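Peer 1: only geometry, no sequence info:
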Ligand SMILES: Nc1ncnc2c1ncn2[C@@H]1O[C@H](COP(=O)(O)OP(=O)(O)OP(=O)(O)O)[C@@H](O)[C@H]1O
């Protein structure tokens, strides 16, 4: 609000007699929710006033008008109709707003009873924020919408951090410990819609960058909400337990994060209780650590431009349910490091690949399974409608069918366990929902007629009475036509008059004269029609209304009973909902494996890496779609060679467009897929578990953060060289290309040496600096590979085949020809290239290897301490000089002496 505008916390304004009672109510509610746009319910609209109206009208492109005056000034106003409010809400939330939804808490007639000036009671029933959405239309069915909270406990050894995340639309709730360094990777993996942090953490400079880079809306909250003692109390009461011990070994930071999250859910849901399950802590290091840049570059769940199409998820997704789509996205985002769990998943996929018929029937039954988890959450929050009940009904039926298909014995553990969860639902609930509901109920309760005929005799009676009376009314039209002799007489209904008789104006005199006037009472005259009512109609109307009210009340009562029954079965329903998603993922992975000829990878401890005939799952499908020829499969060996204790580093040279980047990415993706529990696009794959994946591929400016292309590249390379360990997999594409050739070559050279000597991890390094291939001569674990090309009539043909060896050139000029560079530029470029190559041959940059001291010498030098100050004669002499006491001649003498000393040391 602007300064001149009244504020509710300004007592003078509220006491001002000119303020209308409604405006007083509005200002009070607005003051309690200052950081939200207030959706103020007025009949069939939500209205926004003052600055809220201005902001919303701008954001939504709706008309800004004026509604009355406040203290002599116009009140800016805009409104959104109730029935389309969800669409507007979605756009406002996407635009970064938070919305407080303020409802009428009583019928306006109740307010009128208190006096003509009384205002309908209203209050905020819910805050809508990006992380707390539950409506179907506000959510993407194929993705979770997580609300996350970052807990911090300060300790002697630094901050202890924990990330809690929950999806209130499905009930999932998880926890993990993170270090400050791991935070960006953890946030990129969870990709929360909203992140809660304490005010103190929000303001602390150490976390500023991580919070700014997390692509999420960050909500700072009072630090008291993160206090671990209060947080524990909150968790105990939310989950109605006496101790948190049953949830696992929770740290204070875990409790702080989880407690703050629950407090925020309470605050935004205004007491509504989503069916959150107890938080599940994830052991640290349970999933492959993938930093945000690597995740983005590998396009796991979305492409660099933010689309699903073209991502790994898109290429692999054969799920048929929303829960399955969400689960697959989570699995691809978080490949595992635990061999037992990976094997368990692979066993299940393997079984389903073989059991073709079972897979087909499971997928058929899954197709009928609705989004059980989200409907259940809406019902628990009292935001559900009859259609959500039907969803639960259909979900329960589908779970039963799936359990029957799986009841064959001899299944791998993961499938047995899914089958047990699906089969555990009570027949009673299944029976109740099946008999109570009509086949296709309406979305909203107020539409009625969602309970099936024959379920409750009183309801049938009330409906019969209502419908019979409606028929009697319909029959009255003919009786009245006979009685009045007016053939055009009609019996009609509207909300103001109820049922009435309507005749054209020419019959007015007759209707108003005896004997008809005794029966037909005049109600309303329009230009051409005259309307009357009768006692008989009024009586029928009352009967219809009370029968309809009774029917509605009975339907609502049954609705509540069914909701209660669903809540009672809650835990088992949630478990079955999760099982549905997991089963769908396993079937989907088996389906794609069969469809695209994927094999089961041999995943093992250790650092093996041996891919035979590997393919890039996305490029392969893209080539097929474009009919651009087959994808050429390639081998990749990065495991230790005989007698070595660390992985190999493959330096890949080759022509532009030869397929280097594709090869790099495909091997990273194959490792990730294997560890996510999927079969992989290869003829054979043996992979020692990767604990961290690093990549430096693609180039993107980050001008918003003041980083040039080269700076981004160096920041990412620095992270890799500083962090990669013996079980990491590192993918580097064209390091050093963003600067002058010699600088770039030198950095790339030193980076390879560092990877080889210090990081000692399995690495792939693609480059156009052919000089780097000389390193294979001195570094025992460096190997060279190249992509084959053929020259044919002066043109270059890419064979996309990776072979051992080195490329002699990049064919850049030929590729430029393919791209359509003008002929004059091409021929000049060729000329320059020949000259440059000639000069290089003479100077022989490749001779560097034998001339340069070994990298190990540098490491040793770096490790050697600098000479101590006390041994340094130059420094000692300088310390003794007293410039203020010296004559110019002394000063000159001292300068000569210092120079001599410097030359001696
Ligand atoms: N193994 C393969 N089989 C078939 N086609 C391939 C293969 N690998 C790559 N390609 C095709 O070649 C194109 C170029 O591949 P890629 O981008 O990997 O080349 P590059 O060597 O990294 O090129 P540059 O050095 O110019 O960046 C791909 O878009 C794809 O269409």
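Peer 2: Received, thanks. As the structure is a computational prediction, the values presented were derived from the model and not from experiment.

Peer 1: now residue 763, what's its secondary structure?
Peer 2: At residue 763 the chain is in strand, as set by DSSP: H, G, I helix; E, B strand; the rest coil.

Peer 1: verify the stated contact: it with residue 649.
Peer 2: Yes: between residue 763 and residue 649 there is a contact under CB atoms under 8 Å: 4.3 Å. Heads up, the C-betas are built off the backbone N, CA and C, glycines and all.

Peer 1: any residues in contact with both of these two?
Peer 2: The contact sets of residue 763 and residue 649 overlap at 638, 755 (CB atoms under 8 Å, 6 or more residues apart in numbering).

Peer 1: care to break this structure down by domain?
Peer 2: The chain resolves into domains spanning 11-128, 141-284, 317-454+572-594, 457-559, 602-811, 869-904 when parsed by automatic domain parsing.

Peer 1: can you say which of the ones you listed is nearest to the ligand?
Peer 2: domain 602-811 (2.9 Å; CB to the nearest ligand atom).

Peer 1: so is that closest one next to the ligand?
Peer 2: Yes: judged by CB under 6 Å from any ligand atom, domain 602-811 comes into contact with the ligand through 619, 623, 631-632, 634, 654, 656-662, 800.

Peer 1: list the buried residues of stretch 365-372.
Peer 2: Buried residues in stretch 365-372, counted by 16 or more other CB atoms under 10 Å: 365, 366, 369, 370, 371, 372.

Peer 1: so of these, which two are at opposite extremes in space?
Peer 2: 365 and 371 (15.5 Å; CB to CB).

Peer 1: what's the nearest residue to the residue in the stretch 301-450 of the chain positioned nearest to the ligand if we skip its chain neighbours?
Peer 2: Proximity of the stretch 301-450 of the chain to the ligand (CB to the nearest ligand atom) peaks at residue 310, 11.9 Å away. In space, and not counting its chain neighbours, residue 310 is closest to residue 303: 4.4 Å by CB to CB, 6 or more residues apart in numbering.

Peer 1: again, but for residue 629
Peer 2: residue 623 (6.5 Å).

Peer 1: need the contact list for that neighbour.
Peer 2: 629, 630, 631.

Peer 1: give me the distance from whatever helix or strand residue 622 lives in to the chain's centre.
Peer 2: Secondary structure assignment for residue 622, by DSSP states H and E: helix 617-626. Relative to its chain's centre, helix 617-626 lies at 26 Å (CA atoms, centre = their mean, to the nearest Å).

Peer 1: ok, now stretch 463-473?
Peer 2: Mean-position distance between stretch 463-473 and its chain equals 51 Å (CA atoms, centre = their mean).

Peer 1: buried sites along that stretch?
Peer 2: 463, 465, 466, 469, 470, 473.

Peer 1: who touches it?
Peer 2: Stretch 463-473 has contacts (CB under 8 Å, 6+ apart) with 453, 491, 499, 537, 540, 541, 543, 544, 547, 548, 551.

Peer 1: avg pLDDT for that stretch?
Peer 2: Mean pLDDT, computed over stretch 463-473, is 83.

Peer 1: ok, stretch 215-226 next?
Peer 2: What stretch 215-226 shows for mean pLDDT is 92.

Peer 1: using JSON lines, lay out the contacts of residue 623 together with neighbour count and pLDDT.
Peer 2: Listed next are the contacts of residue 623 as JSON lines, based on neighbours: other CB atoms under 10 Å; pLDDT from 0 to 100:
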{"residue": "629", "neighbour count": "9", "pLDDT": "82"}
{"residue": "630", "neighbour count": "10", "pLDDT": "91"}
{"residue": "631", "neighbour count": "20", "pLDDT": "94"}
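
Peer 1: nearest to residue 531 among the residues you listed?
Peer 2: Taking CB to CB as the measure, residue 631 is the one of these closest to residue 531, at 76.6 Å.
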